[in-house]
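Engineer: Predicted model, plus sequence, below.
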There are 2 protein chains.
Amino acid sequence: MKIKYKLTKKDNNCNARLGVIETKYGNYETPMFMPVGTLANIKTLVPEEVKNEGAGIILSNTYHLWLRPGDGIIKEAGGLHKFMNYDGPILTDSGGFQVFSLAKNKKKDITEDGVHFKSHIDGSNLFLTPEKSIQIQNNLDSDIAMSFDECPPASADYNYLKNSVERTLRWAKRGKMVHNNPNQALFGIVQGGAYEDLRKLSATKTVEMDFDGYAVGGVANDGESKEDMYKAIDYSIPYLPENKIRYLMGVGEPIDILEGVERGIDIFDCVLPTRIARHGNAFTKYGKINLRNKKYERDFTSIDSECDCYTCRNYTKAYIRHLLVSKEVLAGRLLSIHNIRFLIKLTEDIRKSIKNDNFIEYKKQFIKNYGGCKDEIK
Amino acid sequence: MKIKYKLTKKDNNCNARLGVIETKYGNYETPMFMPVGTLANIKTLVPEEVKNEGAGIILSNTYHLWLRPGDGIIKEAGGLHKFMNYDGPILTDSGGFQVFSLAKNKKKDITEDGVHFKSHIDGSNLFLTPEKSIQIQNNLDSDIAMSFDECPPASADYNYLKNSVERTLRWAKRGKMVHNNPNQALFGIVQGGAYEDLRKLSATKTVEMDFDGYAVGGVANDGESKEDMYKAIDYSIPYLPENKIRYLMGVGEPIDILEGVERGIDIFDCVLPTRIARHGNAFTKYGKINLRNKKYERDFTSIDSECDCYTCRNYTKAYIRHLLVSKEVLAGRLLSIHNIRFLIKLTEDIRKSIKNDNFIEYKKQFIKNYGGCKDEIK
């Protein structure tokens, strides 16, 4: 079955909204944070661990799986769920962002047909088209597929963005034409940088094509300002239908999630929780802390006394610091669990606050606390 | 409470024996394989995973924990069990082997008092004595502590070994004098290379000191032949009391475990299952296979269809190969689980065969199969 979205409640004081995504694996409430399993695994973790921390939909990357192990192998394995042992909903991105961010030397040749670029692994010539992206996602058999979009750099000017929006619309149409997996939802992506008219154009025309959900794209590029990200959402949301999922791609900073929810976003994904974990960082309500810090050497308390994750229930800061200093990969694993739980718990608390019509107050309180810790090391 | 050993049965046709180790965490049958958690973690794994695969006693390393995080910190944490979240029995080695194998540039100055050497981490001057080793193990609060022994190189001649045996006896006595943890068992270590008279001397005199158990040491050095290992056991066992645990240190190759059991050994430890896992290797009944091998690219079967481990119940060779090729650490984790289970299952099957007085036949069958696979990559 294809996923279905139901809007269940709107906050009285802002655009924040509650919803339910019905899937063959069960129902999941939104707003939701989706952990990322780039290469068919959420780095260092097994599916059971992620589910135990409350994960619903997870994300995996079309571009990466196309290259390794190849979507043909995953199809032969019985699809991505079976291959990676995840019996829950999976969203696959389109590869558009990876073509933009990972192409070797960032060189690519964008034609109307698709994008020619070189593999980030071995420099070999690759060619990705809207049709190919959909075909790969069909082979992966994810629950939600994304349209292939052109991701412009943060520095792109108005004319570049306008061309890009128009091309992305043509690509969305082509992708939709070849999409024929009745069990897979297909989402469109709104582009247009921080320009109101371009976002309006992109959103309106994308919605006309009637996708199963809509993403706000082009907001997670290096060098993009927070203000531009918020503008991109503000300028897109009014043109998106209420009865469809709204997805803010690549965003996972707690404050950005709150800003997104306030503006009407339902789902988020980001590699942040696992990436910062590998560098020893943990989310706390007072901001990120780095467990390598000498001050945790004899700190026999958990990362966060209020956290209910596996890591916080069983391990101390002193132990995790020891693992980090000793370069034991278990450190990254324990921190990944905590950080994923932190973002999932954040969305749980957000949902509670929307139920009580006090999201704005919850957000204010959260932001007031957050940023109190200053020992993050990238 | 201190652990207790009970011999429950001897195989009718060889020295193989069944026993039970009673601990405050429960009773565990021997022969047993003990997974190794060098730096207070079994690399990539959490305690629950190791227990789920049937682990009883695990081993941790005194030398490594002395340096990182320091035994003082572990004592403050409430002991090693609490620090690493393992509520099962832990054996700590004495550091003697690490001083021998890890000292920077392998240079060390062995005096009657103890060993001066340089840290393998930062080259700083270190001094380990029999008393210090026991004191560290006391702080770690392990369930079984080992006497500090001198580990001679495999190339040592008779006179070197004789001196070493005599010094190890004096050191064992000194360690025993200062040991005062009533809940911690203390084991003596038999040395003497492959010389019958030295093993006899070492075993007899060590047993005279009345330890809680006895290890056969000096058998896991680089360059030592299998024949010398078997001789070392054969020459030691006759002088060890039947009512005490016999421990073959650092041995984990399946065939060596079988050879040890046949000669009357009860417990084994080795980093092998986790170390070979990190290089992509898996134990199977037909020998080790390396999952990086191209031939597993589309092999959608588990590593071993008869294996009941978490990995084999949930993942295919193709998936693990994909993780290995993609350099995902989850590969090492899944293979560690399988390899640990393999050795634990081996000891379970060994115990069954001893119960039925057909260990010799079981061993013959196992060895006949094992070695059929040749694609191991170190």
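Structural biologist: Received the coordinates, thanks.
Engineer: going forward, measure contacts and count neighbours with C-alpha atoms only.
Structural biologist: Fine.
Engineer: Just list the residues touching the nearest residue in space to A:Ala77 that is not next to it in sequence, thanks.
Structural biologist: Nearest residue to A:Ala77, sequence neighbours excluded (C-alpha to C-alpha, 6 or more residues apart in numbering or on different chains): A:Phe83, at 5.7 Å. Counting by C-alpha atoms under 8 Å, 6 or more residues apart in numbering or on different chains, A:Phe83 touches A:40, A:74, A:77, B:315-316, B:319.
Engineer: please redo it, this time with the cut-off set to 7 Å
Structural biologist: A:74, A:77, B:319 (C-alpha atoms under 7 Å, 6 or more residues apart in numbering or on different chains).
Engineer: Identify, from these, the entry nearest to A:Phe300.
Structural biologist: B:Tyr319 (37.8 Å; C-alpha to C-alpha).
Engineer: how far away is the closest one from chain A?
Structural biologist: 6 Å (C-alpha to the nearest C-alpha, to the nearest Å).
Engineer: coming back round to it: okay, the residue nearest to A:Ala77: pLDDT?
Structural biologist: Looking at A:Phe83, its pLDDT reads 98.
Engineer: and if you look at the one 3 residues further on?
Structural biologist: Each residue has a pLDDT score; the one for A:Tyr86 is 98.
Engineer: which residues does A:Ile21 form a beta bridge with?
Structural biologist: Beta-bridge pairing for A:Ile21 (DSSP bridges): A:Tyr5, A:Tyr28.
Engineer: quick one: it and A:Leu7 touch, right?
Structural biologist: No: applying C-alpha atoms under 7 Å, one finds A:Ile21 not in contact with A:Leu7, separated by 8.9 Å.
Engineer: next one: the one helix or strand A:Ile276 maps to to chain centre, how far?
Structural biologist: Take DSSP states H and E as the rule and A:Ile276 turns out to sit in helix A:272-278. The chain centroid and the centroid of helix A:272-278 are separated by 13 Å under C-alpha atoms, centre = their mean, to the nearest Å.
Engineer: In its sheet, which strands sit next to the helix or strand following that helix, and in what direction?
Structural biologist: Proceeding N to C from helix A:272-278, the next assigned helix or strand is strand A:281-284, under DSSP H and E. Partners of strand A:281-284 in the sheet, by DSSP bridges, are strand A:287-290 (antiparallel).
Engineer: residue furthest from the geometric center of chain A?
Structural biologist: A:Arg298 (35.5 Å; C-alpha atoms, centre = their mean).
Engineer: Name the SS class of it, please.
Structural biologist: Classification of A:Arg298 using DSSP: H, G, I helix; E, B strand; the rest coil returns coil.
Engineer: how close does it sit to B:Phe359?
Structural biologist: 49 Å (C-alpha to C-alpha, to the nearest Å).
Engineer: now swap in A:Ala277 and tell me
Structural biologist: Using C-alpha to C-alpha, one obtains 48 Å as the distance from A:Ala277 to B:Phe359.
Engineer: Could you do A:Asn339 as well?
Structural biologist: 49 Å.
Engineer: Grab the nearest non-local neighbour of A:Lys205.
Structural biologist: In this structure, A:Lys205 finds its nearest non-sequential neighbour in A:Leu169, 7.2 Å apart by C-alpha to C-alpha, 6+ apart.
Engineer: same check, this time on A:Cys312
Structural biologist: For A:Cys312, ignoring the flanking residues on the chain, the nearest one in space by C-alpha to C-alpha, 6+ apart is A:Ser302 at 5.0 Å.
Engineer: Verify the stated contact: the one you found with A:Lys317.
Structural biologist: Yes: look at A:Ser302 against A:Lys317 with C-alpha under 7 Å: they come within range, at 5.6 Å.
Engineer: Have a look at those two and say which one is more surrounded.
Structural biologist: A:Lys317 (24 against 18; other C-alpha atoms under 10 Å in any protein chain shown).
Engineer: Just to confirm, what's the three-state secondary structure of the residue nearest the centre of chain A?
Structural biologist: Geometric centre of chain A, nearest residue: A:Asp269, 1.6 Å, by C-alpha atoms, centre = their mean. With three-state DSSP as the basis, A:Asp269 sits in strand.
Engineer: Name the nearest residue to it, ignoring sequence neighbours.
Structural biologist: Closest to A:Asp269 by C-alpha to C-alpha, 6+ apart is A:Met34, at 4.7 Å.
Engineer: what's the helix or strand where that neighbour lies packed up against?
Structural biologist: According to DSSP H and E, A:Met34 maps onto strand A:32-35. Packed against strand A:32-35, as judged by 3 or more C-alpha pairs under 7 Å, 6 or more residues apart in numbering or on different chains; DSSP states H and E, are the following elements: strand A:58-60, strand A:267-270, helix A:330-355.
Engineer: Please produce CSV containing the ones you listed, extended by mean pLDDT.
Structural biologist: Formatted as CSV, those follow (pLDDT from 0 to 100):
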stretch, mean pLDDT
strand A:58-60, 98
strand A:267-270, 98
helix A:330-355, 98
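Engineer: Those into TSV, with extra columns for distance to A:Lys363?
Structural biologist: Formatted as TSV, these follow (distance: least, C-alpha to C-alpha, whole Å):
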stretch	distance to A:Lys363
strand A:58-60	25
strand A:267-270	17
helix A:330-355	8
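Engineer: just to revisit the earlier point, keeping just the C-alphas, turn the strand holding A:Met34 into CSV.
Structural biologist: Extracted in CSV, the C-alpha atoms of strand A:32-35 (Å, rounded to 0.1, in the frame of the first residue of the first chain):
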residue,chain,number,x,y,z
MET,A,32,8.8,13.6,12.6
PHE,A,33,12.5,13.5,12.4
MET,A,34,13.9,10.8,10.0
PRO,A,35,17.3,9.3,10.7
